[in-house]
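>>> sequence and computational prediction follow.
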Amino acid sequence: MQEKFEMLRKRHPAFSFEGFYIEDYGDRLQISYSFFLGDEISFRPRWEFAKKHKDIDYSKDELFCRLVFNLGLVELISYWKCACSPLVQIKAGYIDDEQVSWWKRQYFLGLGEFFHVNRINTNMHEFMNIEVMAEPGESSLNTTQFKKTGCLIPIGGGKDSVVTMELLGGRKEGNLCYMINSREISIKCARLAGFSDDEIIIAKRSLDQTLLSLNKKGYLNGHTPFSAIVAFSSVLTAYLFDKEYVVLSNEASANESTVEGTQINHQYSKSYQFEQDFINYERSYINSGVHYFSLLRPFSELQIARYFARHDKYFKVFKSCNVGSKSDIWCCACPKCLFVFGIMSPFIELNTLAEIFGSNMLEDERLIPIFDKLIGEEPEKPFECVGTRDELNTAICMAIKKWEKEGLRLPLLYRYYKSKSLYLTYKDKDSEQYFKYYNEENSVPAVFVRELKNQMLDE
């Protein structure tokens, strides 16, 4: 892949962000971006957002235009990566030197998996240079600010966003759910949490088909930091709907690297590092008045799994599997399915888990290679949104202890686990520490803290 990387960079030495266009249709806004790969290839990705204030023309709102421009800066990475042009020219707006450094860092760390999987050898200094070709404009006072109240909650349809909705159930009035493109699983979860269709805000994101054509021709493809797109687009949506908070569902385990001993992290844009960077950037360069944070950052995967297990109304609806997302199923063959099955095994009966997933995954011998990666027998975790090895090992030992006490025969994968030295390491480990755990490295506003601790901690 290194040869292809070098060849494409020579063929396409420059990528440009030419402009963005806002069309206001009263009840909705359509945004399109103009990117060019050299002079010959153009991309026009589009977004559509609903709006609360139908009489305001946001195309003339200076703060909103800043939000749109910055969303474009994160959107462009999906297109730039197909050829990895060494020069990116920013013509659509101005960013200063500190912003240039910020974006280079986000791009590089967010593409860590992309470079690793494609076997591309590069570094922070050489992978891209950013040239700002726009002049700084004169800032004007924004005249469309309204009082902000309530929360905008991004929903993915998995257990984590369900837990966030339930934790905020006591202050539900004024909250809205947010999704990028319509996904029936996410909508069902939001409805079960008590949200009406009017309280579910769906932004429409459309990829330019030219990118897909280039991928078919052999241009580079791979993982991009989607949660960064969620960050910028959710703050934009919260601004349009006068929400005070954007409440994410990223937990502490997102900080763990995917490849041991490196900064390569499939979940980089869900990490606390990104969260802090984003908050500081937004306040310094956009300043929308919306506070972005993750409600679950203080907690362990085990706390989250236990809390979710108390809400069985979601069992037949929620899905975390990316492979089966379009078909509304658990594929029962991927690392995400196996991790969720395992982390919930101490808290939900095995027969019930098998009903939820449509299969008892712990009896599937074909999953042993994935299982080994998840528990840490291999130095590289699967490139999926899965929790820490430490917590999964603890969950497995908790389930083994529980099932053996009940006189149940252990499933195949857990019998296999007992033959590992890991079992000796974890079988007597104090699991209670995880249920008293509160990670102080978080951005949760003080107004939420007492309520959170009352619901999540064993005191």
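Cool, the structure landed. Quick caveat, the model's predicted, so the values are computed rather than measured.
>>> and residue 53, how far from residue 178?
17 Å (Cβ to Cβ, to the nearest Å). Bear in mind the C-beta positions are built from the backbone N, C-alpha and C, glycine included.
>>> same check on residue 362?
Plainly put, residue 362 is 35 Å away from residue 178 if you go by Cβ to Cβ.
>>> next: residue 67.
Separation of residue 67 from residue 178 (Cβ to Cβ) stands at 14 Å.
>>> just residue 38 next, same as before
36 Å.
>>> so residue 178 is in which element?
Using DSSP states H and E, residue 178 sits in strand 176-180.
>>> quick check: next helix or strand after that strand?
Counting by DSSP H and E, the next helix or strand C-terminal to strand 176-180 is helix 184-192.
>>> buried residues of that following helix, list them for me.
Under the neighbour-count criterion of 16 or more other Cβ atoms under 10 Å, helix 184-192 has 185-190, 192 buried.
>>> likewise stretch 14-21?
14-18, 20.
>>> how about the residue nearest the centre of the chain: what's its closest non-neighbour residue?
Centroid-nearest residue in the chain, with Cα atoms, centre = their mean: residue 227, separated by 3.4 Å. Counting by Cβ to Cβ, 6 or more residues apart in numbering, residue 227 lies nearest to residue 269, which is 3.7 Å off, once chain neighbours are set aside.
>>> secondary structure class for the one you found?
Put simply, residue 269 is helix when judged by DSSP: H, G, I helix; E, B strand; the rest coil.
>>> residue 33 too?
Three-state assignment for residue 33 (three-state DSSP): strand.
>>> ok, it to residue 74 distance?
Taking Cβ to Cβ, one finds residue 33 at 11 Å from residue 74.
>>> report the secondary structure element holding the closest residue in space to residue 249 that isn't next to it in sequence.
Spatial nearest neighbour of residue 249, chain neighbours left out: residue 160 (3.9 Å); criterion: Cβ to Cβ, 6+ apart. Here residue 160 sits within helix 159-167, counting by DSSP H and E.
>>> which elements pack onto that helix?
Judged by 3 or more Cβ pairs under 8 Å, 6 or more residues apart in numbering; DSSP states H and E, the packing partners of helix 159-167 are strand 151-154, helix 184-192, helix 301-309, helix 446-456.
>>> which residues sit against it?
Helix 159-167 is contacted by residues 153-155, 177, 186, 189-190, 193, 195, 247-251, 295-296, 304-305, 307-308, 311, 314, 318, 320, 340, 344, 451-452, 455-456 when judged by Cβ atoms under 8 Å, 6 or more residues apart in numbering.
>>> now it: average pLDDT?
Average pLDDT, helix 159-167: 95.
>>> what do you get for stretch 337-357?
Across stretch 337-357, the average pLDDT comes to 95.
>>> heads up, I number from 55, so please use that
Renumbered: residue one is now 55, and that last one reads stretch 391-411.
>>> and that stretch, how far apart are its ends?
This stretch, stretch 391-411, spans 8 Å end to end (Cα to Cα, to the nearest Å).
>>> can you list the weak-confidence ranges in the chain?
192-198, 306-321, 378-379, 435-439, 512-513 (pLDDT under 70).
>>> how is it carved up into domains?
56-348, 375-491 (automatic domain parsing).
>>> minimum distance to residue 501: which of those has it?
Closest to residue 501 of these, according to Cβ to Cβ: domain 56-348, at 9.2 Å.
>>> next one: that closest one to chain centre, how far?
Distance of domain 56-348 from the chain centroid (Cα atoms, centre = their mean, to the nearest Å) equals 10 Å.
>>> in stretch 327-343, what's buried?
Across stretch 327-343, burial judged by 16+ other Cβ under 10 Å covers 327-329, 331-332, 335-336, 340, 342-343.
>>> which strands and helices sit next to the helix or strand hosting residue 72?
Applying DSSP H and E as the criterion places residue 72 in strand 68-78. If you count contacts as 3+ Cβ pairs under 8 Å, 6+ apart, strand 68-78 packs onto strand 82-91, helix 116-129, strand 141-144.
>>> winner for burial among these?
Highest mean neighbour count of these: helix 116-129, a mean of 22 (counted as mean count of other Cβ atoms under 10 Å).
>>> can I get the CA coordinates of stretch 413-428 in PDB?
Extracted C-alpha coordinates of stretch 413-428, given in PDB (Å, rounded to 0.1, in the frame of the first residue of the first chain):
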ATOM      1  CA  SER A 413     -27.600 -17.100  18.900                       C
ATOM      2  CA  ASN A 414     -25.500 -18.300  21.800                       C
ATOM      3  CA  MET A 415     -22.200 -16.800  20.600                       C
ATOM      4  CA  LEU A 416     -20.300 -18.400  23.400                       C
ATOM      5  CA  GLU A 417     -20.800 -21.800  21.900                       C
ATOM      6  CA  ASP A 418     -19.300 -20.800  18.500                       C
ATOM      7  CA  GLU A 419     -15.800 -22.200  18.100                       C
ATOM      8  CA  ARG A 420     -15.200 -20.100  15.000                       C
ATOM      9  CA  LEU A 421     -15.100 -17.000  17.300                       C
ATOM     10  CA  ILE A 422     -12.000 -18.100  19.200                       C
ATOM     11  CA  PRO A 423      -9.600 -15.900  17.200                       C
ATOM     12  CA  ILE A 424     -11.800 -12.800  17.800                       C
ATOM     13  CA  PHE A 425     -12.100 -13.800  21.500                       C
ATOM     14  CA  ASP A 426      -8.300 -14.000  21.800                       C
ATOM     15  CA  LYS A 427      -8.000 -10.400  20.500                       C
ATOM     16  CA  LEU A 428     -10.700  -9.100  22.900                       C
END
